[in-house]
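Visitor: model this:
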Amino acid sequence: MTPPNLTDAAPDTSASPDILELAAELRVAIMRTSRILRTQATSDVVSPGQNSVLSVLGKRGPLTMRQLADIEHVQAPSMTRTVNHLCEGGFVARTEHPTDGRLVVVGLTDAGRAVLEESRRLRAAWLASRLDALPPGDQAALHRAAELLLEMTAR
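Guide: Have a look, this model is predicted:
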């Protein structure tokens, strides 16, 4: 009698995966995808770190240097260098804090918004091209996975 071909067998979906293995697999997949998306969004104009600052300002509006440094998990001198470069490029502007004259607020300029929109377009285009190559069933599975990840992170 010939042994069954194990490579042709359908995966056993009745057994739940080990939670720690699943967590490790998802972590690697999410981190790798995130890293690739970050590189897709960069250009000769801004670095990934600078793009991240633009993104924070785009989502949250004008912030102090300390707030930016805390959000980005960097030291104040590092954030100062990043903001200086973005100011020189005309992507952000510094203004006085409305209630505390000792503080400076950093906000996006129109040029910064344009760079941010272009980086989002590049990331979306890269991801869409990868998704388009997948069969409809895999696209549906990823759609459901995205919904689950959003639900899970909203808690």
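
Visitor: got the buried residues for stretch 120-138?
Guide: By neighbour count with 16 or more other CB atoms under 10 Å, stretch 120-138 contains the buried residues 122-123. Any C-beta I mention is one placed from the backbone N, CA and C, and that applies to glycine too.

Visitor: What mean pLDDT does that stretch get?
Guide: The pLDDT scores in stretch 120-138 average 94.

Visitor: Please list the residues outside it that contact it.
Guide: 36-37, 40-41, 139, 142 (CB atoms under 8 Å, 6 or more residues apart in numbering).

Visitor: Just send the residues you listed back as CSV, with distance to Val105 and neighbour count too.
Guide: CSV is the format used below for those (distance: CB to CB, whole Å; neighbours: other CB atoms under 10 Å):
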residue, distance to Val105, neighbour count
Ile36, 33, 14
Leu37, 29, 16
Gln40, 30, 15
Ala41, 25, 23
Gln139, 42, 13
Leu142, 39, 13
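
Visitor: Ile19: which of the residues you listed is nearest?
Guide: Leu142 (20.7 Å; CB to CB).

Visitor: In contact with that closest one, which residues?
Guide: Here Leu142 is in contact with 131, 134 (criterion: CB under 8 Å, 6+ apart).

Visitor: can you confirm it is in a strand?
Guide: No - secondary structure of Leu142 (DSSP: H, G, I helix; E, B strand; the rest coil): helix, not part of a strand.

Visitor: hang on, the earlier thing: could you work out the most separated pair of the contacts of stretch 120-138?
Guide: Every pair of these checked by CB to CB; the farthest is Ala41 and Gln139, at 22.4 Å.

Visitor: Tell me the confidence at the residue nearest the centre of the chain?
Guide: With distances taken as CA atoms, centre = their mean, Ser34 lies nearest the centre of the chain, 5.7 Å away. Looking at Ser34, its pLDDT is 88.
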